[in-house]
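A.B. asks: test case, fold it:
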Amino acid sequence: MFLTLYVDDILLVVNNLEVINATKQWLSSVFEMKDMGEARYVLGVEIVRNRPNKLLGMCQEAYIKRVQKRF
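C.D. replies: Purely as a prediction, here's the structure:
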């Protein structure tokens, strides 16, 4: 499992649904939190999923376009 924390956002990555549900249940019993569902963007990086091929990737296209527009 990967648990990343940035200010007040937590991103959990795990390949076992039972583990992620148990972790979220424990975290919500200790901290006030709400489940926002699957992440699509994290810190401006798009998360790309290909479930049939079991692939997970990251895309910075939006960031690159912002930099191009700025400069």
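
A.B. asks: C-alpha from now on. contacts and neighbour counts both.
C.D. replies: OK.

A.B. asks: quick one: the helices in this protein?
C.D. replies: 17-30, 61-70 (DSSP state H).

A.B. asks: just for this protein, where's the confidence low?
C.D. replies: Residue ranges of the chain with pLDDT under 70: none are present.

A.B. asks: compare the helices of the chain and give me the one nearest residue 41.
C.D. replies: Closest approach to residue 41 among the helices of the chain (C-alpha to C-alpha): helix 61-70, 10.2 Å.

A.B. asks: check which helices and strands the closest one sits against.
C.D. replies: Applying 3 or more C-alpha pairs under 8 Å, 6 or more residues apart in numbering; DSSP states H and E, one finds that helix 61-70 contacts strand 45-50.

A.B. asks: list the buried residues in the strand it packs on.
C.D. replies: By 16 or more other C-alpha atoms under 10 Å, the buried positions in strand 45-50 come out as residue 46.

A.B. asks: break the chain into its domains for me.
C.D. replies: Listed domain ranges for the chain are 1-37, 38-71 (source: automatic domain parsing).

A.B. asks: span of the first one from start to end?
C.D. replies: Using C-alpha to C-alpha, to the nearest Å, the gap from the first to the last residue of domain 1-37 comes to 17 Å.

A.B. asks: how far does it sit from the chain's center?
C.D. replies: 10 Å (C-alpha atoms, centre = their mean, to the nearest Å).

A.B. asks: check the shortest one too.
C.D. replies: For domain 38-71, the distance between its averaged C-alpha position and the chain's averaged C-alpha position is 11 Å (C-alpha atoms, centre = their mean).

A.B. asks: now that domain: buried residues?
C.D. replies: Buried residues in domain 38-71, defined by neighbour count with 16+ other C-alpha under 10 Å: residue 46.
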